[in-house]
Each structure stands twice: as C-alpha cells, then as structure tokens.
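In: missing the sequence, but the structure's below:
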Ligand SMILES: C[S@@+](CC[C@H](N)C(=O)[O-])C[C@H]1O[C@@H](n2cnc3c(N)ncnc32)[C@H](O)[C@@H]1O
C-alpha cells in the first residue's frame with residue numbers, strides 16, 4: 001500500500017502542534033552525534049555510538065557560561081557518560097543517572113579514575129597479558145557463535161587475568177575497573193558481531209586469533225595517554241565532583257539542586273538499551289540470565305522490543321495522557337487497521353507508554369532544577385504506521401505542563417525515516433527554562 005507520507009516532511013506535519021504551543025522551530029544546524037567522541041580523550045574509552053558528541057555538550061556549557069559560572073549539571077540518561085565527562089573537564093560538578101548497570105559502570109569509571117597513575121595501569125595490563133589464568137565465558141550467551149574458538153580462548157585469558165587482581169587500595173581498584181572497561185570495550189570488535197547501531201551478525205568480518213590481545217593493549221594505551229593528558233591539562237578537574245547514580249530516573253534524584261540538565265533520552269521506537277549490550281553485560285557479570293536482562297528492560301523507557309505482557313499491564317494502569325497523545329494513538333490504530341498488519345498491533349500503547357515514562361522522568365528531575373535553571377533535551381521525532389509523532393513538541397508540552405517555559409526549539413539536523421526513506425524527520429534541541 002502506497003504511504004500517504006511519501007516525500008513528506010515532519011516540519012510541515014508539525015505546524016498544527018507548533019501553532020497550538022505558540023512557539024517557533026528555529027533552524028540551528030549543528031553536529032549532535034557521537035562520532036567525534038571516538039577520538040576525544042576519555043570519551044574514547046568506550047565505543048558506544050548512540051550518545052551525543054562531546055562538542056555539543058561543550059557548546060552548551062559555553063553558551064550558558066555567563067549565566068552560570070560553574071553550573072551543577074545533571075544527565076538523567078547518562079549512558080556512556082558524555083555529559084559528566086565533559087562537565088568534569090570544565091570544572092563543573094555533575095551528576096548522572098543510569099539504569100543499565102553496565103552503562104553506569106562505564107560512565108562512573110570515566111569520571112572517577114582520573115587520578116590513576118598511567119604507569120601503574122600499563123604495568124597491570126602487562127601482567128594481565130602475561131597471565132595464564134582463564135575465566136569462563138558467560139554460560140547464558142552463545143559465546144561459541146559470537147567468537148571464533150581461538151579468539152574466545154584469548155578473551156577468557158584476558159578476563160581471567162583481570163579477575164585475579166585483588167586490589168589493596170583505591171588506586172588498584174581503579175586500575176582493575178579501567179582494565180575491565182578496556183576489556184568490555186573490545187568485545188564487539190573481537191566478535192563475529194557488529195553494532196550498527198543494533199547488535200547483529202556480520203557476514204564479512206574477519207577477526208584474527210590475537211585480536212583481543214592487540215585491541216586490549218591499544219585500548220589501555222589510549223587510557224594511559226588520556227590519564228596523563230587529564231593530569232597535565234585538567235589538574236583542577238581531578239577535584240571536581242562527578243557522581244553517577246545507579247537507578248531509575250523516574251525515582252532517583254541527585255543530592256543537590258542543578259543549574260543545567262543536559263540529556264538525550266532514548267528515542268521512541270529506538271534502541272533496546274539492554275539487549276544491545278548483552279555481550280558486555282554478560283561478560284562483566286551485570287546480567288546472569290536472559291530473565292535478568294528482561295527484568296531490567298521492563299524498567300527502562302519503553303522501546304518497541306518490549307514484552308506484550310508489560311504493555312497489557314500498562315493499558316490497565318493509571319497513566320499520564322494529553323489530547324495530542326490520544327489523537328496520535330487513534331491515528332496509529334486506524335492506520336494499522338487499514339493496513340491489516342503491522343509489526344506490533346499494540347503500537348498505540350507502546351507510544352503512549354513512551355510518553356508516560358518520559359513524563360514521570362521529567363516530573364521527577366525537574367524537582368532538582370533550580371529556579372532559573374535550564375533543561376535541554378536532544379531528541380528525534382518519529383513516523384509510526386504513517387502517523388507523525390512530534391516527540392520534541394510533546395516533550396516541550398510536558399515541560400510546560402510541569403511549570404517550565406519553552407525557551408527554544410532548535411532544529412539541529414534532518415534525518416530520514418527508517419520506514420519511509422523519503423520522509424524527513426528532524427533532531428531537535430528542546431530548551432526549557434524554570435522561571
Ligand atoms: C540515548 S542514551 C544516552 C546516551 C548518552 N548521552 C551517552 O553519552 O552515551 C539513553 C540512556 O538512557 C538509559 N535509560 C533508559 N531508561 C532509563 C531510566 N528509566 N532511568 C535511567 N536511565 C534510563 C539507557 O540505558 C541509555 O543509556
């Protein structure tokens with residue numbers, strides 16, 4: 001069936017919503033994405049690609065420098081830690097909140113280990129590379145399919161070497177954590193898998209037997225260089241408070257008020273932030289079974305890979321809604337009916353749950369925002385079963401309902417819809433201010 005949205009544009013479909021909000025969308029093209037982080041000090045310690053760039057966070061801190069000299073910064077979806085790392089480099093105290101324990105570990109290690117001696121780290125890595133102790137691959141994962149046998153053996157050796165370190169002081173504990181982060185960061189590159197951005201098998205990849213050893217050595221070398229760099233160029237940052245809290249942003253709040261909330265929430269319909277990291281979570285012991293992973297996934301902001309049972313439960317819960325959400329749900333349901341099939345028939349409820357989750361999180365973290373503080377969200381809109389979903393504008397509306405002023409809606413770039421390539425979506429920086 002030919003889609004009514006072919007060659008369409010989200011900016012046109014957004015007009016009625018913008019009119020009702022009484023605000024304008026401004027053009028502010030800028031690089032938002034993570035890619036440049038792969039070579040930036042500290043950010044490059046992990047290879048995850050769904051964040052935003054360190055340069056975006058830097059521009060945001062610079063933009064408000066006059067208003068808040070050393071703002072306290074919060075990211076309630078801290079992921080691999082771009083916001084907290086960049087805030088630390090600027091001497092700004094910061095907090096992150098993250099529900100996935102693997103990502104919590106990654107972001108924490110990236111901010112708490114800056115005082116570690118690079119030489120001590122390199123010596124420990126040499127000992128791991130020489131070790132003959134073998135760990136076992138996680139039993140609930142299909143490691144024999146994920147890795148070629150000699151590669152798997154080398155990974156078990158690296159992990160065994162790291163596990164046998166028994167830290168005697170805080171610095172040694174940090175060394176061990178850095179080595180674990182280096183190990184986690186090379187797993188997908190050592191495997192028969194690729195993450196682009198979802199995890200899947202690669203047909204073309206050739207991984208050499210000693211790849212884990214080489215990649216690990218290289219990663220640790222980068223970490224040692226970056227530690228040296230931070231100690232030389234950011235000596236004050238070493239004293240700057242950065243804390244990453246493990247928990248659900250619907251409930252957890254930082255222990256002090258913040259001036260700036262800078263964040264990129266999961267996109268609707270987007271990535272599964274648990275299954276996509278199952279390899280690293282399994283190897284580092286952050287998930288010991290598929291049941292563990294599912295339990296965690298059910299608490300996350302919803303994605304379209306969620307269990308049907310959870311959505312059925314949601315239908316009978318008391319939940320947030322507004323007229324836009326109701327109208328969008330109706331349109332999605334009608335379109336699915338007209339098509340006769342869709343990858344999820346419960347899509348209207350999934351969309352509803354996304355906004356209910358986001359409202360709960362915004363309502364919670366807004367309470368940590370000081371009067372005069374700003375809440376910036378980088379978010380993309382969606383096209384679902386031929387219905388346009390202006391995620392940015394709905395989040396702006398929720399912000400307003402929570403007492404914030406919509407200060408700006410800046411269109412950072414255009415994106416193509418995954419479902420109808422000729423339809424142009426956008427990525428927006430939503431700027432909300434507390435009066
Ligand atoms: C788009 S990513 C953020 C990426 C981040 N900006 C970075 O630099 O890597 C969204 C993050 O939100 C986390 N998340 C999802 N639901 C959450 C919740 N209810 N509470 C806290 N974190 C959550 C996911 O695990 C994921 O790491």
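Out: Looks like it came in fine. Source: prediction; values computed, not measured.

In: Test for you: state the pLDDT assigned to the residue of the stretch 101-250 of the chain found nearest the ligand.
Out: Closest contact between the stretch 101-250 of the chain and the ligand, by Cβ to the nearest ligand atom, is at residue 249 (3.7 Å). In this view, the C-beta of every residue, glycine as well, is placed from N, C-alpha and C. Model confidence at residue 249, given as pLDDT, is 98.

In: And the one 10 residues further on, by the same measure?
Out: Each residue has a pLDDT score; the one for residue 259 is 98.

In: Against which helices or strands is the strand or helix carrying it packed?
Out: For residue 259, the host element (DSSP states H and E) is strand 258-263. If you count contacts as 3 or more Cβ pairs under 8 Å, 6 or more residues apart in numbering; DSSP states H and E, strand 258-263 packs onto helix 54-63, strand 73-75, strand 369-380.

In: JSON lines for the ones you listed, including distance to the ligand and mean pLDDT?
Out: Listed next are the helices and strands packed on strand 258-263 as JSON lines, based on distance: least, Cβ to the nearest ligand atom, whole Å; pLDDT from 0 to 100:
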{"stretch": "helix 54-63", "distance to the ligand": "8", "mean pLDDT": "94"}
{"stretch": "strand 73-75", "distance to the ligand": "7", "mean pLDDT": "98"}
{"stretch": "strand 369-380", "distance to the ligand": "8", "mean pLDDT": "97"}
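
In: Tell me which of these is the most buried.
Out: strand 73-75 (a mean of 29; mean count of other Cβ atoms under 10 Å).

In: quick revisit: the strand holding residue 259 and the ligand in contact?
Out: No: Strand 258-263 is not in contact with the ligand by Cβ under 6 Å from any ligand atom; minimum separation 6.7 Å.

In: between that strand and helix 54-63, how big is the angle?
Out: Strand 258-263 and helix 54-63 are oriented at 150 degrees to each other (axes from the mean of the first three to the mean of the last three Cα atoms, to 10 degrees).

In: what ranges do the strands span in this protein?
Out: Using DSSP state E, the strands found in the chain span residues 26-27, 73-75, 94-98, 193-195, 199-201, 242-246, 258-263, 369-380, 382-384, 387-389, 404-416, 424-434.

In: Output those in TSV; the columns should cover distance to residue 314.
Out: Converted to TSV, these look like this (distance: least, Cβ to Cβ, whole Å):
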stretch	distance to residue 314
strand 26-27	35
strand 73-75	26
strand 94-98	22
strand 193-195	29
strand 199-201	26
strand 242-246	24
strand 258-263	23
strand 369-380	21
strand 382-384	17
strand 387-389	17
strand 404-416	26
strand 424-434	25
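
In: who's in contact with the residue in the stretch 301-435 of the chain positioned nearest to the ligand?
Out: Using Cβ to the nearest ligand atom, the single residue of the stretch 301-435 of the chain nearest to the ligand is residue 301, 3.9 Å away. Applying Cβ atoms under 8 Å, 6 or more residues apart in numbering to residue 301 gives the contacts 77, 265-266, 354, 357-358, 361.

In: and the ligand, which of these reach it?
Out: Near the ligand, by the rule Cβ under 6 Å from any ligand atom, you find 77, 266 out of these.

In: Give me the ChimeraX select line for the contacts of residue 301, limited to the buried ones.
Out: For the buried members of the contacts of residue 301, the matching ChimeraX selection, counting by 16 or more other Cβ atoms under 10 Å, is:
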select :77,265,266,354,357,358,361
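
In: which one of the contacts of residue 301 sits closest to residue 219?
Out: Taking Cβ to Cβ as the measure, residue 219 lies nearest residue 77 of the contacts of residue 301, at 24.9 Å.

In: hang on, the closest one packs against residue 261?
Out: No: contact criterion Cβ atoms under 8 Å: residue 77 and residue 261 do not qualify, at 10.1 Å.

In: burial of residue 368, as a residue count?
Out: Neighbourhood size, residue 368 [other Cβ atoms under 10 Å]: 21.

In: hey, what's the closest residue to residue 408 other than its chain neighbours bridged with?
Out: Leaving out its chain neighbours, the residue that sits closest to residue 408 by Cβ to Cβ, 6 or more residues apart in numbering is residue 431, at 3.9 Å. Bridge pairing for residue 431 (DSSP bridges) gives the partners residue 376, residue 408.

In: and residue 431, what does it touch?
Out: 374-376, 406-410.

In: hang on, the earlier thing: each with direction, which strands does the strand holding residue 259 pair with?
Out: strand 73-75 (parallel), strand 369-380 (parallel).

In: Noted, bye for now.
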